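Trainee: Based on what follows, work out the 3D shape:
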Amino acid sequence: RPAPSPGRARREKALGLVRGLASLAVLMVMVAGAYQTASDLGYFLGEAPTSKNCRQLAGSASFSSSEDAALWRPSEAVVTAGGLRSAFYEGGNDEGALFAVTLADETSTFVQSLQYIGLVPTYDVEPRARRLVVEDWPSDKKFRPHGIYVRKPQIFVVNHGVEQGSSLEVFEGIDNGTLVGAKWLRSVEHPFINGHGLPNSVVAVASDEVYVTTWRYWSLPVRGVARASILERLQLSLQFAASVLRLPVTRVYRCVFNDEATSCSPVGARHAMANGIALRGNMIYVVDVLRFSVTVYERRRDGSLVVNDTISLPHAADNVYALSDGSLLLGSMPKLHQCLDPLAQKPPVAGALTLAVPRPPSPKDDRAVGVRGYGDSRWTFRDIVRTDGGQVSGGALVGTRALVGSPWDRGALLCELLGPDEV
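Mentor: Predicted coordinates:
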């Protein structure tokens, strides 16, 4: 066989060199991508000091979880205890409940009235969770509350207790000086939000109009992840791959309903994992867990959402709450890798309540332990509570007292906030 010509040999050598360089470039991109993913998941994040002035909220030992909270009045929060580990992963039959807790340092109006007539001593009452009486609840469905929103007198709750999926439940709060119960009014169901485990959080702009986030593309197995079929396990694997690649596969849905019909439609941009949602005026805030951001939408008169801003976060977040002073409160997951598998999750898990304030930051103001540095330069981020126990999903802030909730762990924390130079 004749030897190749010198020109052909040079071309083959050059082609081999190009192939080698291309393979090296692909390898470098893969390594860089893997490093960035590991960094974002918090594998390289150091340990941070935990908050010292935290204790279990009195009366919360019976909470099967405490995923979300909303303020019924400025000093009183209502908490969802939905048993999400059982509902999503273990496939158990546990049912949840709603609890209320007065968080303000001053006693409630109800207690003050008892003090006035001499039936209760006049001293500050330790906050204690009390289970709400749920009236007129349908006997054919379970109650496993997840996200919650208060638009008085109504309480809107995401529920994962439907036989084959999820729903939105509407209640009317029963107030007797403090919140004592919730009267069930109706269910809101639609194919866009009915998949088991699909809906996550909700805000209401009217008694018959809500915005709901879905944090997954495929629904979770009704029997639980631990009992998933082969097809369901394939869907779970595809969902995990989409999450790793941060593909925009989840949406926010606007739902309008009455006694005759329910209409839901996607609004706003697509998200990798739309999770917490908050409302302030005509602005709606949506957390994208996997993109370390809060998308700020402007709500138009026709109900559509237009992106107004994007706030970069120092670490992954879950629920978001729009406070009256313009700041945001976020349930945070600094080390996201610790939160990927709730079935295998074991303490310690780094969690935080992060306060984001819209003002020019200085280095001493930013105290969020983040994998993305300081986050958006237009905001100051501070972890006002840090834990090393269960995952933190959200909570409530009243004065110098914070309620801290978890999606998987029993109970809830009550934390007294210290000065700005302390944790």
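
Trainee: now the helices: where do they sit in the chain?
Mentor: 6-40, 84, 109-116, 230-244 (DSSP state H).

Trainee: Check which residues of the last one are buried.
Mentor: Spelled out, it's helix 230-244. Neighbour-count burial for helix 230-244, counted by 16 or more other CB atoms under 10 Å, picks out 232, 235-236, 239, 242-243. In this view, the C-beta of every residue, glycine as well, is placed from N, C-alpha and C.

Trainee: What separation is there between residue 81 and residue 146?
Mentor: 10 Å (CB to CB, to the nearest Å).

Trainee: typo on my end, residue 47
Mentor: Counting by CB to CB, the gap from residue 47 to residue 146 is 30 Å.

Trainee: Looking at those two, which one has more neighbours?
Mentor: residue 146 (28 against 11; other CB atoms under 10 Å).

Trainee: Quick one: residues contacting the more buried one.
Mentor: Counting by CB atoms under 8 Å, 6 or more residues apart in numbering, residue 146 makes contact with 67-68, 80, 82, 84, 157-160, 199-201.

Trainee: Nearest residue to it in space, ignoring adjacent ones along the chain?
Mentor: In space, and not counting its chain neighbours, residue 146 is closest to residue 158: 4.1 Å by CB to CB, 6 or more residues apart in numbering.

Trainee: Could you pull up the contacting residues of residue 284?
Mentor: 203, 211, 252, 277-278, 296-297, 299, 305.

Trainee: In a markdown table: those, plus neighbour count and distance to residue 54.
Mentor: What follows is the contacts of residue 284, written out as a markdown table (neighbours: other CB atoms under 10 Å; distance: CB to CB, whole Å):
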| residue | neighbour count | distance to residue 54 |
| --- | --- | --- |
| 203 | 26 | 28 |
| 211 | 24 | 32 |
| 252 | 23 | 33 |
| 277 | 27 | 26 |
| 278 | 22 | 24 |
| 296 | 19 | 31 |
| 297 | 23 | 34 |
| 299 | 21 | 36 |
| 305 | 21 | 36 |
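
Trainee: any idea which of those residues is the one closest to residue 386?
Mentor: residue 278 (21.9 Å; CB to CB).

Trainee: can you pull the contacts of residue 77?
Mentor: Residue 77 makes contacts with 69-71, 100-101, 103, 396, 398, 403, as judged by CB under 8 Å, 6+ apart.

Trainee: picking up where we left off before, and the helices of the chain, which is most packed in?
Mentor: Highest mean neighbour count among the helices of the chain (mean count of other CB atoms under 10 Å): helix 84, with a mean of 26.

Trainee: What lies in contact with that one?
Mentor: 64-65, 67, 144, 146, 160, 407-408.

Trainee: swap in stretch 252-270?
Mentor: Under CB under 8 Å, 6+ apart, the answer for stretch 252-270 is 168, 186, 188-193, 208-214, 248-251, 271, 274, 277, 284, 286, 295, 297, 303-307.

Trainee: ok, now stretch 17-37?
Mentor: When contacts are defined by CB under 8 Å, 6+ apart, stretch 17-37 is touched by residues residue 244.

Trainee: Now do the strands in the stretch 51-200 of the chain.
Mentor: Along the stretch 51-200 of the chain, counting by DSSP state E, counting those that start in this stretch, strands occupy 54-56, 69-73, 76-81, 97-102, 130-131, 133-135, 145-151, 154-162, 165-175, 179-188, 199-206.

Trainee: Export those strands to a markdown table and append columns for distance to residue 323.
Mentor: Output for those, formatted as a markdown table (distance: least, CB to CB, whole Å):
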| stretch | distance to residue 323 |
| --- | --- |
| strand 54-56 | 20 |
| strand 69-73 | 10 |
| strand 76-81 | 13 |
| strand 97-102 | 18 |
| strand 130-131 | 25 |
| strand 133-135 | 28 |
| strand 145-151 | 14 |
| strand 154-162 | 19 |
| strand 165-175 | 21 |
| strand 179-188 | 20 |
| strand 199-206 | 14 |
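
Trainee: got any ranges where the stretch 51-200 of the chain has weak pLDDT?
Mentor: 105-125 (pLDDT under 70).

Trainee: what do you get if the cut-off is 90, keeping everything else the same?
Mentor: Where the stretch 51-200 of the chain drops to pLDDT under 90, the residues are 51-53, 61-65, 82-95, 103-126, 139-142, 161-165, 177.

Trainee: just to revisit the earlier point, pick the one among the contacts of residue 146 closest to residue 10.
Mentor: Lowest distance from residue 10 to the contacts of residue 146 (CB to CB) belongs to residue 200, with 60.2 Å.

Trainee: That closest one against residue 147, yeah?
Mentor: Yes - Residue 200 is in contact with residue 147 according to CB atoms under 8 Å; the separation is 5.6 Å.

Trainee: which neighbours do the two share?
Mentor: 158, 213, 276.

Trainee: Just among the residues you listed, which is most surrounded?
Mentor: Busiest of the shared contacts of residue 200 and residue 147 [other CB under 10 Å] is residue 158, holding 29 neighbours.

Trainee: partner residues bridging that residue?
Mentor: Beta-bridge partners for residue 158, by DSSP bridges, are residue 168.

Trainee: mind listing what it touches?
Mentor: By CB under 8 Å, 6+ apart, residue 158 lies in contact with 145-148, 166-169, 199-202, 212.

Trainee: In PyMOL, select just the buried ones from the residues you listed.
Mentor: To isolate the buried ones among the contacts of residue 158 in PyMOL, judged by 16+ other CB under 10 Å, type:
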select buried, resi 145+146+147+148+166+167+168+169+199+200+201+202+212
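
Trainee: export the contacts of residue 158 to CSV and tack on distance to residue 219?
Mentor: Formatted as CSV, these follow (distance: CB to CB, whole Å):
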residue, distance to residue 219
145, 18
146, 14
147, 16
148, 21
166, 8
167, 13
168, 15
169, 18
199, 10
200, 12
201, 16
202, 17
212, 14
